Structures are given as structure tokens and as C-alpha cells.
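Chemist: structural data only, the sequence is not supplied:
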């Protein structure tokens, strides 16, 4: 354990250190200067993901071999899909595979060598990826964007302006993007919107077997936390009753709501149960929304998932695609830790995606498993914030299907006419 501990911290530090930022827009104005044009993007999800990794805080609560990715060390896992994937990515463009600059996720030397072999790439085409690996290591998903920043300053391989970005989790899937160094505005311009984006399906779901009266939940807090002071007990009664919540869904048995598990194994089992309940609830909501929409599941082009509390990898976006039988090429996005702001923000994002192409259909799902707040309370005296945090939040999920111009039998539930965000300055 001492040896593993001595290498784990620097390993994680090197994996996560780094940042990238970019401004993306369409139809540049006279004062704006394009760096790259985005001509195409593709996603491919593979079956049978590697064992799930649970996250606690920043670090992973998992053996080092899982964190490093035992399955990730076998490049053959994705080798067979790379060639047709890139062929599809380049289709419709004038880019030639033997001339593009290839920005490949530098997860290991074996992976880079495999990509070169499978795609027939020369070393000069992957030079930026090798240099990134040597000088910076792997900064997870940030590496993909750091490579783009490197590419803007480098001369294109064989004089070509085309740039292909490839990232992969060898037992999860592949992401690809086709860029072109901006010389003149050649990217296709989409036709103007013919109307606002629309909500075409909408549903909610709860872990029904765990719906309790608020009075029951308060009773369990007072019974299971015998260490609460008289002042804390009085405050808890006031807060629980003051919320005006009558009943809540919390995906744990009543007797576990405020009791810390006796050991790590029990805690892991409890977390798995809560995550499974959230997955089932999210799938239920998504299924109902898709049914109301009435379209073919294979026509869903994008999946967006939001949550503050789901901490597994692969994430819920992967679970939704797998359990619903969506296309493996659906474009997935998971957003976490936006809290109460997340629902409307992600609906705005889904609407912007849908408005960009009349054929896009976006499945948006958002869910929480707040039940884990109770067992996570600190021992001894609780702060007023601790008590308030477990008095209000509950478990559940909602899902929507968002599209542009309705087609066929699609029925519009709502039109999305505007969305706005504002950060509030304090002090």
C-alpha cells in the first residue's frame, strides 16, 4: 500500500493538471478572425464498458489498476473500428487521410502506435500528439483541446489545412472532429430557422418504492441521530415543517436515511443501490418522453445528461444510450455540479443544438439521488446548513425530447423562444 500510495498522488496530479478555453461562433463578423472551421464531428459508443469507477471528491475510490485503466492498456479493443470511423468523419469533405494533421488522444505510446498502424498515418502526421505525451502527459479530456491549440501554431502535415481530432476510451467509445485551418470561410452555412425549437416529449419519474411522508423522514433523523443536541433537534423540527414539503422520494430504506454505513463495503453497496435507483428512474422518464414524442429511437441525434449526484464512469449518458437502445453514434454530453441552475441551462443548450439543424432530435435527461446526503452527514454537532440540506432535497428524474421544425406526427408541447443566463455579483 505504501508503494501504491506514493505513485497514486503524482499520477492523478499529472493526469488532471491543465486547462483550455476557446470561443466558438458562426458567421464571423468583420472584426472576428477564424482560427479553425468545424466541418464535421462523429461519436461511436462501444458495447460492454470497463468496470464502473466510483468517484469520491477529486480522487477515485478504486484500485490503481482500474484508475490507470487495465482495459485501456489493450489498444486492440478499438483498433477494429477506427478506420471506418475516420472514413465516415472525412466523408463529404476534400480531406485526405494521408495528408491530415492527426490530433490523437495520447493515452499511451501503445495507443498512439496502434492509431498510426490502423489508419496508416506517418509520424509527421501524429507529431503533435507525441510531443504532447512527452511534454505534458495526459490531461484527460482537456488534452484534446490542448492539441487543437498546438495545431493552430504548427504547419499542417504535407501542407494540408485539414485537422482530424480523435479521442477514445478503449472500452467505451470514440469521439472525432474534423477541423480546417481558416483561410477563407468555406464551412457550409445552414438555412435560417423556420421557427423556434420545440419540446416534443416530456416526462417525469420518481423512485416510487421510496416515497415517504416528510414527518416520517424527520422522525428518522431524530431517531437515528441520537447525538443531536436539543438545540439541533428543535431547529430540525422547525426547518422540516417550515419547508412545507409533504412527501419526498429518497432512494434508501427509512432505517438507512441518516445512518452512516458500518464499513467501506457497506457504504459502497449503499451507493450502488442509490445509483441504480437513479438509473432506473432516469430510464423510466426518458422512455416516457420518447413514447410521447413518437419518433424512432434511432433518430435521436444527441443525448444530454445533467446531475449533481451521479458519480460513476461510464456516466448516465452511456447508461441511457445502452438501456434505451439508441444509436451508438449518438452524440453524448454529461454536465454535472450546476445544481438548481442545471435544468433550464441544459434545456437552453438542447434548444440551441436543435435550432442548428432541423433534423436534430435531442434527448435531455436530468436526475438526482439526494438520498446519499443523509448518511454523509458529519458525526457530532451539525451545522444549520447540514440540517437544511437534508430537509428539502429529494430523488427523481425528468426527460424531454427537443427538436427544431416538427415533422410528421410530432406534436409541439412548448416552443422555446428565449434563454438567458446571468451571474450575480455579490459584495
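Modeler: All right, it came through fine. In this text the structure is predicted, and so the values were computed from the model without any measurement. Numbering: from 1, shown residues only.
Chemist: now the phi/psi pair for residue 125, please.
Modeler: Main-chain dihedrals, residue 125, degrees, to the nearest 10: phi -70, psi -30.
Chemist: from what I can see it touches residue 101, true?
Modeler: Yes - using C-beta atoms under 8 Å, residue 125 is in contact with residue 101, at 6.2 Å. For every residue, glycine as well, the C-beta is placed using N, CA and C.
Chemist: so those two - more neighbours on which side?
Modeler: Using other C-beta atoms under 10 Å as the criterion, residue 125 and residue 101 rank with residue 101 on top: 27 against 24.
Chemist: so who does the more buried one touch?
Modeler: 125, 128, 151, 154, 156, 157, 160, 162, 163, 164 (C-beta atoms under 8 Å, 6 or more residues apart in numbering).
Chemist: chain neighbours aside, what residue packs nearest to the fourth one?
Modeler: If I follow you right, that is residue 154. Nearest non-adjacent residue to residue 154, counting by C-beta to C-beta, 6 or more residues apart in numbering: residue 128, 6.1 Å away.
Chemist: go on, the third one?
Modeler: With C-beta to C-beta, 6+ apart as the measure, residue 163 is the residue that lies nearest to residue 151, at 5.3 Å, once sequence neighbours are left out.
Chemist: other SSEs contacting the helix ranked longest in the chain?
Modeler: In the chain, assigned by DSSP state H, the helix with the most residues is helix 264-293. Contacts defined by 3 or more C-beta pairs under 8 Å, 6 or more residues apart in numbering; DSSP states H and E place helix 264-293 against strand 198-205, helix 316-324, strand 361-368, strand 396-403.
Chemist: residues contacting the helix or strand that comes right after the second one, please?
Modeler: In other words, helix 316-324. Next helix or strand after helix 316-324 toward the C-terminus (DSSP states H and E): strand 331-336. For strand 331-336, contacts defined as C-beta under 8 Å, 6+ apart pick out 41, 43, 45, 301-308, 310, 315-318, 321, 342, 345-346, 349.
Chemist: thinking again about what came up before, make CSV out of the helices and strands packed on helix 264-293 and add mean neighbour count and mean pLDDT.
Modeler: Listed next are the helices and strands packed on helix 264-293 as CSV, based on neighbours: other C-beta atoms under 10 Å; pLDDT from 0 to 100:
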stretch, mean neighbour count, mean pLDDT
strand 198-205, 21, 94
helix 316-324, 22, 95
strand 361-368, 26, 95
strand 396-403, 27, 94
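Chemist: these: which one's closest to residue 231?
Modeler: strand 361-368 (29.6 Å; C-beta to C-beta).
Chemist: low-confidence ranges, the stretch 201-350 of the chain, go.
Modeler: Under the criterion pLDDT under 70, no range of the stretch 201-350 of the chain is flagged.
Chemist: quick one: least confident of the contacts of residue 101?
Modeler: Among the contacts of residue 101, residue 157 carries the lowest pLDDT, at 57.
Chemist: so which bits of stretch 28-45 are buried?
Modeler: Using 16 or more other C-beta atoms under 10 Å as the test for burial, stretch 28-45 gives 36, 37, 39, 40, 42, 43, 44, 45.
Chemist: oops, could you answer that again for stretch 84-94 instead?
Modeler: Buried, per 16+ other C-beta under 10 Å, within stretch 84-94: 85, 86, 89, 90.
Chemist: and for it, what are the contacting residues?
Modeler: Applying C-beta under 8 Å, 6+ apart, the contact partners of stretch 84-94 are 39-42, 44, 96-97, 100, 119, 162, 164, 166, 174, 176-178.
Chemist: mind checking which of these are in helices?
Modeler: With helices taken from DSSP H, the overlap with the contacts of stretch 84-94 comprises residue 119.
Chemist: which two in the contacts of stretch 84-94 are spaced the farthest apart?
Modeler: Of all pairs in these, the most separated under C-beta to C-beta is 44 and 96 at 21.5 Å.
Chemist: thinking again about what came up before, tell me the buried residues in the longest helix of the chain?
Modeler: 267, 270-271, 273-275, 277-290, 292-293.
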